[in-house]
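K.L.:
Pasted the sequence and its predicted model underneath.
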Amino acid sequence: MENTNQYLLSNDEEIINTFIKGLQEINITTFEQLCVECKARNITTFTDFFEYTRSHEAPEMLSLGAELLLNRVKAIKREKMESFCSSSQIGYYLSNVLSGCYQEHLMAVYVDVKNKIIAEKVIFKGTLNQAIIHPRDIFRWAIIYNAAGFFLAHNHPSEDLTPSEQDIQVTKKISSVSECMGIRFLDHFIVNTGNYLSFKEMELL
């Protein structure tokens, strides 16, 4: 049977070649040309660059190569966090975990009484909605893991960290249930590539 998956890449060399071909589609063959193009497009950070590769302006091959490169870097043996000492530490950690996702992911991190991480669980993929996200999906795993508390995080593929009204209402609903269940809801993060917003720090929780 003919292989119809034109995006099946087996190794790092093929991924790099795909990325280079994408650059060649916009007539970039040297590093100097790449710097000039970035300056012309006001690209000054890696976040800016990956935002460009996700836009309709970027060639398909470049978009594909950038996505595969990002996923490959994330797949390189990531040291799993076992405990934390601040909200910022776990906020940046979850930003790294969820970076590059084109769809919203809701993730829970369950901890014991000493704030040591017991488990990480993707609860939902898709747009957060009060009608879809039910607290039982979160607390079911808290009970299974015998967790004393949990963090929530979800990414905004748009890279905008501003919480929506639905984000706020869902957070309030989960907070209310956590008080009844006696399981600490420690924080809710909205993350993008390299940054986060903490509901607790913003006094929204």
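P.N.:
Happy to help now that I have it. For clarity, every value in this text was computed on a predicted model and none was experimentally measured.

K.L.:
Strands of this structure, start to end?
P.N.:
105-111, 117-125, 149-155, 184-192, 195-198 (DSSP state E).

K.L.:
how about these in CSV, adding mean neighbour count?
P.N.:
In short, each C-beta sits where N, CA and C put it, glycine included. Output for those, formatted as CSV (neighbours: other Cβ atoms under 10 Å):
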stretch, mean neighbour count
strand 105-111, 22
strand 117-125, 16
strand 149-155, 24
strand 184-192, 23
strand 195-198, 20
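
K.L.:
Show me the one of those that comes nearest Glu37.
P.N.:
With Cβ to Cβ as the criterion, Glu37 lies closest to strand 184-192 of the strands of the chain, at 23.6 Å.

K.L.:
Can you tell me the strand partners of that closest one and which way each runs?
P.N.:
Applying DSSP bridges, strand 184-192 is found paired with strand 149-155 (parallel), strand 195-198 (antiparallel).

K.L.:
so how far is the shortest one from its chain's centroid?
P.N.:
Read it as strand 195-198. Relative to the centre of its chain, strand 195-198 is centred 11 Å away, using Cα atoms, centre = their mean, to the nearest Å.

K.L.:
Kindly export it (C-alpha atoms) in CSV.
P.N.:
Output of strand 195-198 as CSV, limited to C-alpha atoms (Å, rounded to 0.1, in the frame of the first residue of the first chain):
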residue,chain,number,x,y,z
ASN,A,195,5.9,32.2,30.5
TYR,A,196,2.9,31.8,32.8
LEU,A,197,0.1,33.6,34.6
SER,A,198,-0.8,32.5,38.2
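
K.L.:
outside of that strand, which residues touch it?
P.N.:
With contact meaning Cβ atoms under 8 Å, 6 or more residues apart in numbering, strand 195-198 is reached by 87-88, 91-92, 94-95, 153, 161-163, 187-191.

K.L.:
and what of the longest one?
P.N.:
Residues lying outside strand 149-155 but in contact with it, judged by Cβ under 8 Å, 6+ apart, are 90-91, 94, 97-99, 101, 104-111, 115, 123, 128, 138, 142, 167, 171, 174, 183-192, 196.
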